[in-house]
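In: I'd like to go over a predicted model; first the sequence, then the structure.
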Amino acid sequence: MSDDYFEYRHTVGFEETNLVGNVYYVNYLRWQGRCRELFLKQKAPEVLADVQDDLKLFTLKVDCEFFAEITAFDELSIRMRLSDFGQTQLEFTFDYVKVDEDGGETLVARGRQRVACMRGPNTNTVPSLVPEALVRALEPYGAQRRVLPGRTA
């Protein structure tokens, strides 16, 4: 695993394919969410506790661009990087890489996801600073942290 991305390894199953045998597009978006969840579990467990309190991580935008088809039993490496860091929002990129048995790799898709941090009850949420524990966990995975008013470098 590289130092500049968080990796989620996945084997494509039959249930993730359509009638023609290709992976149904919505699964790429599901894998983005799964990658983000595993990152939190493995690298920022304090943030998960905060989510159980009142922190909400709202997905504002997702997209995915496809370069090649994949099918059942293909081995994937979903590689998440931090591409933008704002005061209350983060943006991640996801490279979907097919890993061959011989170790060869093919980029099959690239995605993006923008997330906002919010706090408060569901009927009255307000933007919130990205938690420091999450900032620290994300430092190795991409965009340089910008020093923001009220925060230290």
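Out: Right, received. Where do you want to start?
In: wait, what's in contact with Leu55?
Out: Going by C-beta atoms under 8 Å, 6 or more residues apart in numbering, Leu55 touches 47, 117-119, 128, 131. Every C-beta, even on glycine, is put in place using the N, C-alpha and C of the backbone.
In: Please work out which residues outside the helix or strand harbouring Asn27 touch it.
Out: Following DSSP states H and E, one finds Asn27 within helix 26-43. Identification of contacts with helix 26-43 by C-beta under 8 Å, 6+ apart yields 6, 8, 10, 12, 16, 47-48, 51, 59, 62, 64, 66, 76, 78, 80, 92, 94, 96, 109, 111, 113, 115, 134, 137.
In: need the longest strand for this protein.
Out: strand 105-119 (DSSP state E).
In: Show me what counts as buried in it.
Out: Residues of strand 105-119 classed as buried: 108-119 (neighbour count, 16 or more other C-beta atoms under 10 Å).
In: quick revisit: could I get the average pLDDT for the next helix or strand after the helix holding Asn27?
Out: The first helix or strand that comes after helix 26-43 along the chain, using DSSP H and E, is helix 45-53. For helix 45-53, mean pLDDT rounds to 92.
In: Mind listing what's buried along helix 45-53?
Out: Buried positions in helix 45-53, judged by neighbour count with 16+ other C-beta under 10 Å: 47, 50.
In: List the contacts of stretch 64-73.
Out: For stretch 64-73, contacts defined as C-beta under 8 Å, 6+ apart pick out 11-14, 16-17, 21-23, 25, 28-29, 32, 76, 94, 96, 98, 106-112.
In: go with 10 Å
Out: Stretch 64-73 is contacted from outside by 11-17, 20-23, 25-29, 31-32, 76, 94, 96, 98, 106-113, using C-beta atoms under 10 Å, 6 or more residues apart in numbering.
In: Kindly report the same for stretch 123-139.
Out: Residues from elsewhere that reach stretch 123-139 (C-beta under 10 Å, 6+ apart): 6, 39-40, 42-51, 54-58, 80-82, 85-90, 92, 115-120, 145, 148, 150-152.
In: Just put the buried residues of strand 105-119 in JSON lines and tack on pLDDT and distance to Tyr141.
Out: Output for those, formatted as JSON lines (pLDDT from 0 to 100; distance: C-beta to C-beta, whole Å):
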{"residue": "Val108", "pLDDT": "98", "distance to Tyr141": "21"}
{"residue": "Ala109", "pLDDT": "98", "distance to Tyr141": "19"}
{"residue": "Arg110", "pLDDT": "98", "distance to Tyr141": "16"}
{"residue": "Gly111", "pLDDT": "98", "distance to Tyr141": "15"}
{"residue": "Arg112", "pLDDT": "97", "distance to Tyr141": "14"}
{"residue": "Gln113", "pLDDT": "97", "distance to Tyr141": "13"}
{"residue": "Arg114", "pLDDT": "97", "distance to Tyr141": "16"}
{"residue": "Val115", "pLDDT": "97", "distance to Tyr141": "14"}
{"residue": "Ala116", "pLDDT": "97", "distance to Tyr141": "19"}
{"residue": "Cys117", "pLDDT": "97", "distance to Tyr141": "17"}
{"residue": "Met118", "pLDDT": "96", "distance to Tyr141": "22"}
{"residue": "Arg119", "pLDDT": "94", "distance to Tyr141": "24"}
